[in-house]
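Chemist: Return atomic coordinates for the entry below.
(2 chains)
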Amino acid sequence: MNKTINNRAWFLVVPVVALVAFNALIPLMTVVNYSVQETFGDNTFFWSGVTWFEKLLRDPRFHGALGRQLFFTGIILLIEVPLGVAIALTMPKKGPWVSVCLVLMALPLLIPWNVVGAMWNIMALPDIGLLGHTLNALGFDYNYTRQPVSAWVTLIAMDVWHWTSLVVLLSYAGLVSIPEAYYQAAKIDGARPWAVFRYIQLPKMKRVLTIAILLRFMDSFMIYTEPSVLTGGGPGNSTTLLSIDLVKTALGQFDLGPAAATSLVYFLIVLLVSWVFYTLMMRNEAQ
Amino acid sequence: MAKVTLENLAHTYFNRADGTAEWAVKRINLQWADGGAFALLGPSGCGKTTLLNIMSGLIHPTEGRILFDERDVTALSPEERNIAQVFQFPVVYDTMSVYDNIAFPLRNRGMAEAEIGPRVREIAELTELTPMLKQRAAGLTADGKQKISLARGLVRPDVNLVMFDEPLTVIDPHLKWVLRSKLRELHQRVGTTMIYVTHDQTEALTFADQVVVMNAGEVVQIGSPVELFEQPQHTFVGHFIGSPGMNVLPAKIDNGKAIFAGRQLDVANPVAAAADGTMELGVRPEFVRFVREGIPARIINVADAGRYRIVDTQADGHRIKLLVDEGEEIPAGTAQLGFDPSQTRLYRDGWLATDGATS
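Modeler: So this is what the prediction gives:
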């Protein structure tokens, strides 16, 4: 059989190629371009090879920010995922309270991110903020603008408040899709509540939980707005997460080369971790 | 094992605004003998699943009591009642192996692993799951999964009652027959009381010694398959069981004789007078014949069903079906029909008519 070869069909994908090029490829390549050059202003650039990358990987400042970032993401995943599942389990499955609970849960997700930062910033102020004032009145020495520990506690509390709802809503969606017969069968098989959770609810929630964890990982790893408004990375550098550090380098110091190198490494880390994570979860699924 | 007694059992899912209830199950008194194989047969929505869930303890009845032997179990949970139930759609614990799935009810009750092993293998052998014991349950086909459900229902040696809620719905037709005879065989082996809920008369009649026919929340008749076929107590049973169902025709009573289409007919249960109520005449297509002189009828349709033919006729404005054996001649156009008197019965308001009894 003769096959007609007609390469003109490729023209049909031109619009898509153009679109992707303008919103992803060209900006990304610009960053790549910056990352291998040195500039002293005046829009003059010098080739510098992989110097910025070599420096970055040995840079204690980058190590510090990456360490804080990993710590932050780890902590909030450890809190938000079990807490979200627990809340979803206690939510009613039918009746008028379902919509009340869902609306209450969705509220934090509807608040603009910098408003969340500002809210917590004001609420946690040690002298006039409701939270800060109460804590100090109760005898805790709490001042998030001066104590790194207080700043971290506030930061994590804020993120948990803002994002646990996402895990709750996704888990809840998984839970309500379990047919009633499973619970009936478990009752007849004499399963204890823990066994019901372990062998029915958790396996049935697995898909949505995978998505929840993946989303929470990516979002928290790239978080900028809320901590920037709440602490600005302080006190000192104690809450300077990766993206705050990056903005300081790029827009505070205008070190375009190092900033570009940081961006690329940052991007690759997010990509790599997401891929590893997703592959692991899906491989379990296939078994 | 136990005898199960239902006393004045009634259940409603919701009460209407005016205080009256819409009953899903209406005042049922019933006894399931110890060790019997029963079927609960009825059309969809007749309340049979509700009744089953009441017996297993998943639903608490609005009124009435349930007794296992002489013990009142109405307030007990499914676990305390010590029963097993297999549902319409397969329920398997996806993350467990087939072995662990079957062992699950035993482990939950704290049986020693040394006892669990032989028991699980025995049941796996019966349900033909032995080659798959090590596989993950999630990977099985629908009928494989339903076999696991069946095995889980049968694995506990000391249950009072095993209930099946239309367990073969998702099974392929050719496997249905195999599994059904398997269940029957299992019943003979283990001797536990079994109740099989279905809307399929073939399933009910092949599985059970005693069939309980339900309609609209009521028990209409309890009997062996033969009794249900030969002596329907209600026109519903006559119509629901048998293929095609019983012919039900309006009748008048005159001088202790039934009259249809202006013709006197002998019946198996003559009643002296037409008391209140609508009288009907019931005769199965198997007991209608062509005769030389009888009820004049017009032949509408002849359907070949293999060894016999189903002839659809019209007499006095009413449809009458009859079965004609292969080879027997069917008159063209018009014919005369005769009913077998010993198999023709009178029904009053749907129920088999008895003398003097008015409902």
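Chemist: Give me the mean pLDDT for stretch B:4-14.
Modeler: Stretch B:4-14 carries an average pLDDT of 79.
Chemist: And that stretch, how far out from the chain middle?
Modeler: Counting by CA atoms, centre = their mean, to the nearest Å, stretch B:4-14 is centred 18 Å from the centre of its parent chain.
Chemist: Can you give me the buried ones in it?
Modeler: For stretch B:4-14, a neighbour-count test (16 or more other CB atoms under 10 Å in any protein chain shown) marks B:4, B:5, B:6, B:7, B:9, B:10, B:11, B:12 as buried. In short, each C-beta sits where N, CA and C put it, glycine included.
Chemist: May I see those residues organised as a markdown table, with distance to chain A added?
Modeler: A markdown table is the format used below for the buried residues of stretch B:4-14 (distance: CB to the nearest CB, whole Å):
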| residue | distance to chain A |
| --- | --- |
| B:4 | 16 |
| B:5 | 21 |
| B:6 | 19 |
| B:7 | 23 |
| B:9 | 19 |
| B:10 | 21 |
| B:11 | 16 |
| B:12 | 18 |
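Chemist: Go through the residues you listed and flag which are in strands.
Modeler: B:4, B:5, B:6, B:7, B:9, B:10, B:11, B:12 (DSSP state E).
Chemist: Please name the bridge partners of the fifth one.
Modeler: Under the criterion DSSP bridges, residue B:9 forms beta bridges with residue B:28.
Chemist: if I pick it, what's in contact with it?
Modeler: Residue B:9 sits next to B:25, B:27, B:28, B:29, B:30, B:51, B:54, B:61, B:63, B:64, B:65, B:66 when contact means CB atoms under 8 Å, 6 or more residues apart in numbering or on different chains.
Chemist: ok, 10 Å please
Modeler: B:25-30, B:50-51, B:54-55, B:61-66, B:74 (CB atoms under 10 Å, 6 or more residues apart in numbering or on different chains).
Chemist: Burial check on the residue of the stretch 251-359 of chain B found nearest chain A, number of neighbours?
Modeler: Taking CB to the nearest CB, chain A has its nearest neighbour within the stretch 251-359 of chain B at residue B:350, 34.3 Å off. The local packing of residue B:350 (other CB atoms under 10 Å in any protein chain shown) involves 20 other residues.
Chemist: And the buried ones among the contacts of residue B:9, selectable in ChimeraX?
Modeler: One line in ChimeraX is enough to select the buried members of these, burial here meaning 16+ other CB under 10 Å:
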select /B:25,26,27,28,30,50,51,54,55,61,62,64,66
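Chemist: just checking, which of the contacts of residue B:9 belong to strands?
Modeler: Those of the contacts of residue B:9 lying in strands (DSSP E): B:25, B:26, B:27, B:28, B:29, B:30, B:63, B:64, B:65, B:66.
Chemist: what's around residue B:24, how many residues?
Modeler: Using other CB under 10 Å: residue B:24 sits among 22 other residues.
Chemist: and residue 104, what does it touch?
Modeler: No chain was given, so I picked chain A. Applying CB under 10 Å, 6+ apart to residue A:104 gives the contacts A:91, A:97, A:165, A:168.
Chemist: The chain in question should be chain B.
Modeler: By CB under 10 Å, 6+ apart, residue B:104 lies in contact with A:185-186, A:189-191, A:195, A:199, B:92-93, B:96, B:116, B:120, B:148, B:152, B:155.
Chemist: let's see it at 6 Å
Modeler: Contacts of residue B:104 were listed using CB atoms under 6 Å, 6 or more residues apart in numbering or on different chains, and they are residue A:189.
Chemist: Now stretch B:33-53: buried residues?
Modeler: For stretch B:33-53, the neighbour count (16+ other CB under 10 Å) marks B:34, B:36-42, B:46-53 as buried.
Chemist: Show me where the stretch 201-350 of chain B has its helices.
Modeler: Listed from the start of the chain, the stretch 201-350 of chain B has helices (DSSP state H, counting those that start in this stretch) covering B:201-207, B:225-230, B:235-240.
Chemist: nope, chain A is what I was after
Modeler: Shown for chain A, the helices assigned by DSSP state H span residues A:14-20, A:26-35, A:51-58, A:60-90, A:97-106, A:113-123, A:130-137, A:148-176, A:180-188, A:193-196, A:202-221, A:225-230, A:242-247, A:256-286.
Chemist: Could you dump these into CSV and include mean pLDDT?
Modeler: Converted to CSV, the helices of chain A look like this (pLDDT from 0 to 100):
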stretch, mean pLDDT
helix A:14-20, 91
helix A:26-35, 86
helix A:51-58, 82
helix A:60-90, 92
helix A:97-106, 90
helix A:113-123, 89
helix A:130-137, 86
helix A:148-176, 91
helix A:180-188, 87
helix A:193-196, 88
helix A:202-221, 89
helix A:225-230, 87
helix A:242-247, 86
helix A:256-286, 83
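Chemist: Which pLDDT value goes with the closest residue to residue A:132 other than its chain neighbours?
Modeler: Excluding the flanking residues, the one nearest residue A:132 by CB to CB, 6 or more residues apart in numbering or on different chains is residue A:126, at 4.1 Å. Looking at residue A:126, its pLDDT reads 83.
Chemist: quick one: contacts of stretch B:242-256?
Modeler: Here stretch B:242-256 has contacts from B:235, B:238-239, B:258-260, B:270, B:272, B:274, B:279-285, B:318, B:320-321, using CB under 6 Å, 6+ apart.
Chemist: now stretch B:290-309
Modeler: By CB under 6 Å, 6+ apart, stretch B:290-309 touches B:261, B:263, B:310-315, B:323-326, B:334-338.
Chemist: Can I have the buried ones of those as a ChimeraX selection?
Modeler: In ChimeraX, this line selects whichever of the contacts of stretch B:290-309 come out buried by 16+ other CB under 10 Å:
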select /B:261,310,311,312,313,315,323,324,335,337,338
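Chemist: Mark which of the contacts of stretch B:290-309 are part of strands, please.
Modeler: B:263, B:310-315, B:323-325, B:334-338.
Chemist: List just the nearest of these to residue B:169.
Modeler: Using CB to CB, residue B:310 is the member of the ones in strands among the contacts of stretch B:290-309 that sits closest to residue B:169, with 27.3 Å.
Chemist: Give me the pLDDT for the closest residue to that closest one other than its chain neighbours.
Modeler: Closest residue in space to residue B:310, ignoring its immediate chain neighbours: residue B:303 at 4.5 Å, by CB to CB, 6+ apart. For residue B:303, the model assigns a pLDDT of 87.
Chemist: returning to that earlier point: so who does the residue of the stretch 251-359 of chain B closest to chain A touch?
Modeler: By CB under 6 Å, 6+ apart, the residues touching residue B:350 are B:234, B:235.
Chemist: distance of it from residue A:100?
Modeler: Distance check for residue B:350 against residue A:100: by CB to CB, to the nearest Å, it reads 49 Å.
Chemist: same check, this time on residue B:209
Modeler: Relative to residue A:100, and taking CB to CB, residue B:209 is found at 53 Å.
Chemist: and residue A:50, how many neighbours?
Modeler: For residue A:50, using other CB under 10 Å, the count is 12.
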